[in-house]
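Peer 1: turn this into a model:
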Amino acid sequence: QVQLVESGGGLVQAGGSLRLSCAASGRTFSSYAMAWFRQTPGKEREFVAAINMSGGSTYYADSVKGRFTISRDNAKNTVALQMNSLKPEDTAAYYCAARPATLSRSQATYVYWGQGTQVTVSS
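Peer 2: Predicted coordinates:
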């Protein structure tokens, strides 16, 4: 069982930066691939970024590539999403997710989810 708690969301102007953090409970954090997804009202949850168990491999959605960076600290059981050059279209609730073993872009394969943190980017 893994419990995930996100933090770091808020209101920022376009072009600004935010850093989201996800704290995980449990002693097997390093056995899970981690990812960030986001969702706006009326739309399906979409993939943002993922990182493998060791942190040595990452995936990004095309829409955030070059602006967002996912990282993890297995010693502290945390995963972060550094978001730079934010755009109004990045406004969404951001969710942290975990799945055993290999990383994936598919939300259906993630087993554990946080409660979400809201990011609002004003123009």
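Peer 1: where's Tyr59 relative to Pro41, distance?
Peer 2: In this view, Tyr59 and Pro41 are 25 Å apart by CB to CB, to the nearest Å. All C-beta spots, glycine's among them, are computed from the backbone N, C-alpha and C.
Peer 1: in terms of neighbours, single out the busier of these two.
Peer 2: Higher neighbour count among Tyr59 and Pro41: Tyr59, with 17 against 6, using other CB atoms under 10 Å.
Peer 1: what helix or strand does that one sit in?
Peer 2: Assigned by DSSP states H and E, Tyr59 belongs to strand 58-60.
Peer 1: quick one: contacts of that strand?
Peer 2: Under the criterion CB atoms under 8 Å, 6 or more residues apart in numbering, residues Phe47, Val48, Ala49, Ala50, Ile51, Asn52, Phe68, Ile70, Leu103, Arg105 lie in contact with strand 58-60.
Peer 1: before we move on, what about stretch 67-82?
Peer 2: Here stretch 67-82 has contacts from 17, 19-26, 29-30, 34-36, 48-51, 54-55, 58, 60, 83-86, 94, 96, using CB under 8 Å, 6+ apart.
Peer 1: how distant is that stretch from the center of its chain?
Peer 2: Relative to its chain's centre, stretch 67-82 lies at 8 Å (CA atoms, centre = their mean, to the nearest Å).
Peer 1: still on that earlier bit, which members of the contacts of stretch 67-82 occur in helices, if any?
Peer 2: The members of those all map outside helices under DSSP state H.
Peer 1: which ones among the residues you listed lie within strands?
Peer 2: In this view, those that belong to strands under DSSP state E are 19-24, 34-36, 48-51, 58, 60, 83, 94, 96.
Peer 1: show the buried residues in the residues you listed.
Peer 2: 20-24, 34-36, 48-51, 58, 60, 83, 94, 96 (16 or more other CB atoms under 10 Å).
Peer 1: nearest spatial neighbour of the most centrally placed residue in the chain, skipping sequence neighbours?
Peer 2: Geometric centre of the chain, nearest residue: Trp36, 2.3 Å, by CA atoms, centre = their mean. Excluding the flanking residues, the one nearest Trp36 by CB to CB, 6 or more residues apart in numbering is Val48, at 4.3 Å.
Peer 1: since that was my last question, I'll sign off now.
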